[in-house]
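In: model this:
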Amino acid sequence: GNPKHEKDMEENGIGKIDMTILNLYPFEATVAKGAAFEQCIENIDIGGPSMLRSTAKNHAFTTIVTSPDQYEEVKKCMEENNGGTTLEMRKRFAARAFSLSAAYDSAIAGWFTKELGESTDVVTRVYKPEFPLKYGCNPHQKPAGILSLLNSDLPFTVLNGTPGYINLFAASRSYPK
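Out: Just a heads-up that it's a prediction; the model follows:
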């Protein structure tokens, strides 16, 4: 840590923070409900993303937990590590936290621009992995993955097996325009 910060904390009776558990304001859910502009603005979290990012940045010393689906893993890790967490887990959780922060900011920027009816110089899109392809374009290559826009479904359904790049390319060429 930082010796000056540690001294200030000790002088003020502040213990070290080893974990931050937080949920961001439900901006996307508020927008999805069709809430008024002012209510959507009120549901833009300011402090949460700051805490999320600062904790994730300091993952060498503290754990960021951003979703209830992480609680069991945290609990198990702490039980196996005398009440602490591992650096490997803190790194993975930090990466997830930064992804959440980017998705949150993207949702806000996209909604705000749309509400104003204006274009923007920068367009952000957040994707989530759906599944890896069976193989790459050539046998020696790693397969690419299929992604979908966050909160959107894929425009197709795989009915059997795991498709490869060529399968999807051929299917896309057969799609009527």
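In: so what's Phe156 up against?
Out: Contacts for Phe156 were tallied using CB atoms under 8 Å, 6 or more residues apart in numbering; they are Ala171. C-betas here are computed from N, CA, C, even on glycine.
In: pLDDT weak spots in this protein?
Out: 1, 175, 177 (pLDDT under 70).
In: phi, psi of Leu149?
Out: Torsion angles at Leu149 (phi, psi; degrees, to the nearest 10) stand at phi -60, psi 140.
In: you'd agree it is up against Tyr127?
Out: Yes. Here Leu149 lies in contact with Tyr127, judged by CB atoms under 8 Å, at a distance of 6.1 Å.
In: this protein: helices as residue ranges?
Out: 3-11, 27-32, 37-42, 47-57, 71-80, 87-116, 165-174 (DSSP state H).
In: so which of those gets nearest Leu154?
Out: Distance to Leu154, taken as CB to CB, is lowest for helix 165-174 among the helices of the chain, at 10.7 Å.
In: count the residues that sit near Glu80.
Out: 11 (other CB atoms under 10 Å).
In: would you mark the buried spots in stretch 99-119?
Out: With burial defined by 16 or more other CB atoms under 10 Å, the residues of stretch 99-119 counted as buried are Leu100, Ser101, Ala103, Tyr104, Ala107, Ile108, Gly110, Trp111.
In: what's the end-to-end length of stretch 83-92?
Out: Stretch 83-92 has its terminal residues 18 Å apart, counting by CA to CA, to the nearest Å.
In: what does stretch 25-40 give?
Out: Terminal-residue distance, stretch 25-40 (CA to CA): 10 Å.
In: now that stretch: buried residues?
Out: If you call a residue buried by 16+ other CB under 10 Å, then stretch 25-40 has these buried ones: Tyr25, Phe27, Glu28, Thr30, Val31, Cys40.
In: now do the contacts for the closest residue to the first one other than its chain neighbours.
Out: Right, Tyr25. The shortest distance from Tyr25 to any non-neighbouring residue, by CB to CB, 6 or more residues apart in numbering, is to Asp45 (3.8 Å). For Asp45, the contact set (CB under 8 Å, 6+ apart) comprises Leu24, Tyr25, Phe27, Tyr104.
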